[in-house]
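*Asks:* Please find the sequence and the predicted model below.
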Amino acid sequence: MPEVKQVEGKNVEVNSQPKSSAIRNEEKEIVVKIKRFSPDKGEWWQEYKLKVDRFTQMTEVLRRIKTEQDPSLSYRAACHMAVCGSCGMKINGAPRLACKTLAIELTKEYNSNEITLEPMDLYPRVKDLVVDLDDFYERMYKVKPRLYPSEEILEGKAEHRLVPEDQRELWKFAQCIWCGLCVSSCPSVRNDAEFLGPAAHAKGYRFLADPRDTITEERMKILVDSSWRCTYCYQCFNVCPRDIEPVTTIKKTRAWSSKMKDKTKVIETGEKHINAIADTIRKSGKLLEAEVYLRTYGLVQAMSDMLYMLKSGRMKYTLIKEVPVKDLNDIEKVMKGDEQ
Amino acid sequence: MKVAYYPGCATHGLSKDVDIATKKVAEVLGLELVEVEDWNCCGGGFLDEKDEDAHVALNLRNLSNVEKMGLDKMVTPCSVCLGSHRLATYKYNENKDLRKRVDKRISGTSIKYENKATAEHLVWVLVRDVGLENIKKHVKRSLNGLKVGAYYGCQMLRPEQIMGFELSFKPHSLQDLISVTGATPVMFPMATACCGFPLMGSNPKGGLKLAFNVLNSAKSSGADIMIHPCSLCHLQLDTLQDKVKNEFNVGWTLPAIYITQLLGLSFGLSPEDLGLGNYAKGVLKQKGVIQ
Ligand code: SF4
Ligand code: SF4
Ligand code: FES
């Protein structure tokens, strides 16, 4: 079945089988603009031209440039099938795997035969498209990316069992190939040294929620405060070539806050905020902004922020009384799981 | 053209001016917005972390009400409400375990979602259904000379596979709408970065830094004012102008207005008609757009 994607509101088939020999034999000349870099020469853009067909992956484009046109070009690629995670880069400004990207598809997507290649953001550059991923690996190791089984298991006295529902919950989040694309595009990582970043959260949650793991307390200490430092921008969800949805694991990790004994300020404020949101929805079916604000920040902060409301001319809106949902019975029923 | 209208809590609350301007502009354009009957909060992008099933169920309730109204398109001016509804239906369709739990949760309620109604952003409906040419016909006062930053933010674009209207790393809908008014669109490096609003509930310092990054980027690229597509970006980027100014020790402000407020100005509507905020009025007066 061809995959169907929505572009500008219309359904468009992607990766569909060739319908005619014209499509099968399609060839195009492309111009590849590469952001080059070397420690001694600094940064410059360089252009290459070559012919591609409908099977040419961007890693193949790079291989041909290197072998046929310019041996000085550096890039990384190993598996050419989206499993090793080494060919992450920015292609036409978007973080992608070069091997998972077909040149001709790109020219169609962007309606241009020109393709730009740049190294991933955030990481220090080594040469051309090759970046230093040490910082990324450190984040991954911080969350102890392995299972810590019980003594019984280690001694061979018991078996590890996982019910299918639990396996389904963990499977998706275990598919990370450590490509670093999500971290390179995450705004919170740049902003906040205490945030572990999307990939480490996906990996961390995959073990936190694994019923066979034995270091849950320690994992909560590592993960929960950090989880409240994500800004929910959905960039990691957007760029992950393995559809891992790191932000979903961050949301799920936040739910573990209530199990923690020693809460940091960030956790406490975050919890107050989300509890206030849930309570006002339960009460009226709507989010009551003023109440959520007061409960999250307290009266003193709320008073000082009133000044900003006044200045912006928005004070009058604080008095609006939104009508509650008429059918509160519905709301009560769907929210009841929250209290269990 | 008639579509269901989901304002959402912020659009009916502290961002009321978004609602005011949107209704006025829709009226001029002949776009009939029928408010979703007895709508409820979508969870604001947060409820799912506390109770994913309730979040999905609440969003299905709104869409099921749209279906009961005999409509299949629910338009919202708020990117977070959009993201919330689209993620909810995506999960409900994709995740069998979740679907089972949600079905259990909604049994005995009025919710009967048949997968017919979908949530769309107001910008999509304006660009695709109303059409740029049609919008242009209503422009009475060209905003020529005004440089307007096109700020997209997060959830109107991402995740691309669920939003799907335009390329998230190369969007153009807002630039197109700005051009229609005669103003000059300004793209800037942080145009698709997060405004920091979601961080304000747990790490306000970090959230404000993100707001500064966006405003600073637009300002450095030469924008006089910025437009955005979201009722929550509105609170962060417009209401907190002075907070950002004080915290980051800068000597400027860069008002952020909602897309329909800019369109409305070019349609000849007054600042009062459009509920324009104080910061915007200041800059627009300076630029001679309003008196
Ligand atoms: S959603 Fe969170 S983790 Fe993902 S990119 Fe945005 S800030 Fe980073
Ligand atoms: S979560 Fe996805 S984008 Fe991030 S490192 Fe893993 S595979 Fe790459
Ligand atoms: S070459 Fe291995 S993921 Fe691209």
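*Replies:* Looks like it arrived, so ask away. Numbers count the residues shown, from 1 in each chain, chains lettered A, B, ... in the order given. Ligands and ions are numbered 1, 2, ... in the order given.
*Asks:* and A:Trp45, how many neighbours?
*Replies:* 11 (other Cβ atoms under 10 Å in any protein chain shown). C-betas here are computed from N, CA, C, even on glycine.
*Asks:* Starting from whatever helix or strand it lives in, tell me which strands it pairs with and how they run.
*Replies:* Element membership of A:Trp45 [criterion: DSSP states H and E] is strand A:42-53. Partners of strand A:42-53 in the sheet, by DSSP bridges, are strand A:27-38 (antiparallel).
*Asks:* distance between the strand it pairs with and the chain's centre?
*Replies:* 27 Å (Cα atoms, centre = their mean, to the nearest Å).
*Asks:* which other residues reach that strand?
*Replies:* Outside strand A:27-38, the residues that touch it by Cβ atoms under 8 Å, 6 or more residues apart in numbering or on different chains are A:43-53, A:61, A:65, A:73, A:103-104, A:107, A:113-119, A:125, A:127-129.
*Asks:* where exactly do the strands run in chain A?
*Replies:* Secondary structure of chain A (DSSP state E): strands located at A:3-7, A:10-14, A:27-38, A:42-53, A:88-91, A:94-97, A:114-118, A:125-127, A:130-131.
*Asks:* What of chain B?
*Replies:* B:2-5, B:32-35, B:73-76, B:118-121, B:147-150, B:184-186, B:225-228, B:256-258.
*Asks:* and of those, who's closest to A:Leu162?
*Replies:* Closest to A:Leu162 of the strands of chain B is strand B:118-121 (Cβ to Cβ; 35.8 Å).
*Asks:* What about the closest residue to ligand 1 within the stretch 101-250 of chain B, how many residues nearby?
*Replies:* Residue nearest to ligand 1 within the stretch 101-250 of chain B: B:Cys194 (6.6 Å; Cβ to the nearest ligand atom). For B:Cys194, the neighbour count with other Cβ under 10 Å is 29.
*Asks:* rewinding a little: deepest of the strands of chain B, which one?
*Replies:* Highest mean neighbour count among these (mean count of other Cβ atoms under 10 Å in any protein chain shown): strand B:256-258, with a mean of 31.
*Asks:* Isn't B:Lys285 up against B:Asn278?
*Replies:* No: using Cβ atoms under 8 Å, B:Lys285 is not in contact with B:Asn278; the gap is 10.7 Å.
*Asks:* Which one's more surrounded, the two?
*Replies:* B:Asn278 (15 against 12).
*Asks:* And that one, how far from B:Val250?
*Replies:* Applying Cβ to Cβ, to the nearest Å, the value for B:Asn278 to B:Val250 is 18 Å.
*Asks:* State the distance from A:Ile23 to A:Glu60.
*Replies:* Taken as Cβ to Cβ, the span from A:Ile23 to A:Glu60 is 19 Å.
*Asks:* With A:Asn92 instead?
*Replies:* For A:Asn92, the distance to A:Glu60 - Cβ to Cβ - is 17 Å.
*Asks:* can you redo the strands of chain B as TSV with mean pLDDT and distance to ligand 2?
*Replies:* As requested, those are exported to TSV (pLDDT from 0 to 100; distance: least, Cβ to the nearest ligand atom, whole Å):
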stretch	mean pLDDT	distance to ligand 2
strand B:2-5	97	36
strand B:32-35	98	39
strand B:73-76	98	29
strand B:118-121	98	26
strand B:147-150	98	27
strand B:184-186	98	31
strand B:225-228	98	27
strand B:256-258	97	30
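*Asks:* Any chance of those strands in JSON lines with distance to ligand 3 as columns?
*Replies:* JSON lines is the format used below for those (distance: least, Cβ to the nearest ligand atom, whole Å):
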{"stretch": "strand B:2-5", "distance to ligand 3": "43"}
{"stretch": "strand B:32-35", "distance to ligand 3": "46"}
{"stretch": "strand B:73-76", "distance to ligand 3": "37"}
{"stretch": "strand B:118-121", "distance to ligand 3": "33"}
{"stretch": "strand B:147-150", "distance to ligand 3": "33"}
{"stretch": "strand B:184-186", "distance to ligand 3": "36"}
{"stretch": "strand B:225-228", "distance to ligand 3": "36"}
{"stretch": "strand B:256-258", "distance to ligand 3": "39"}
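*Asks:* dump the residue contacts of the residue nearest to A:Trp178 when sequence neighbours are not counted.
*Replies:* Counting by Cβ to Cβ, 6 or more residues apart in numbering or on different chains, A:Trp178 lies nearest to A:Gly85, which is 4.7 Å off, once chain neighbours are set aside. Neighbour list for A:Gly85: A:97, A:177-180 [criterion: Cβ under 8 Å, 6+ apart].
*Asks:* in chain A, which residue is closest to the centre?
*Replies:* A:Cys236 (1.6 Å; Cα atoms, centre = their mean).
*Asks:* How about chain B?
*Replies:* By Cα atoms, centre = their mean, chain B has its centre lying nearest to B:Cys230, at 2.5 Å.
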